[in-house]
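Asks: Have a look at this fold, sequence not included:
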């Protein structure tokens, strides 16, 4: 049975849409989506530097649009993956009984994908995302 995965960051314009595209490349049979814990960017495309960094590695973020995570998402997806500890905390507060929440980098030892919106390191974020996506693909295959 194909998996369904939701990737969540703060605004859904850098890390989570990038992770959505990378996971789709590694798990083409899965249903993948992304969302943000905040509502600032709803309906907006990913941040241009994120689009450019992803495009340089063959990932297309241009069709994606930001949305905010909802309580219904925890039942709609097999796995809800947070990009950092703060996102994880917010998700657990939104759905305290959900048992399908994890850190995106959990299969490679945990830790955060630092937000390139603030760090400016879009390639570094992509390196971390690709590493974890490959590990999730191996685990879920």
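Replies: Done, it's in. A quick note: this is a predicted structure, and the numbers were derived from the prediction, not measured.

Asks: going forward, measure contacts between C-alpha atoms and count neighbours the same way
Replies: OK.

Asks: what about the helices in the protein?
Replies: 15-26, 48-56, 73-76, 85-94, 116-119, 122-140 (DSSP state H).

Asks: Relative to the whole chain's centre, how far out is the last one?
Replies: By that I understand helix 122-140. Its chain's average C-alpha position is 10 Å from that of helix 122-140, according to Cα atoms, centre = their mean, to the nearest Å.

Asks: okay, the angle between that helix and helix 15-26?
Replies: Angle between the axes of helix 122-140 and helix 15-26 is 50 degrees (criterion: axes from the mean of the first three to the mean of the last three Cα atoms, to 10 degrees).

Asks: name the helices or strands packed onto helix 122-140?
Replies: Using 3 or more Cα pairs under 8 Å, 6 or more residues apart in numbering; DSSP states H and E, the elements in contact with helix 122-140 are helix 15-26, helix 48-56.

Asks: Buried residues in that helix, which are they?
Replies: 122-126, 128-130, 132-137 (16 or more other Cα atoms under 10 Å).

Asks: can you put these in a markdown table and add pLDDT?
Replies: Listed next are the buried residues of helix 122-140 as a markdown table, based on pLDDT from 0 to 100:
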| residue | pLDDT |
| --- | --- |
| 122 | 98 |
| 123 | 97 |
| 124 | 98 |
| 125 | 98 |
| 126 | 98 |
| 128 | 98 |
| 129 | 98 |
| 130 | 98 |
| 132 | 98 |
| 133 | 98 |
| 134 | 98 |
| 135 | 97 |
| 136 | 97 |
| 137 | 96 |
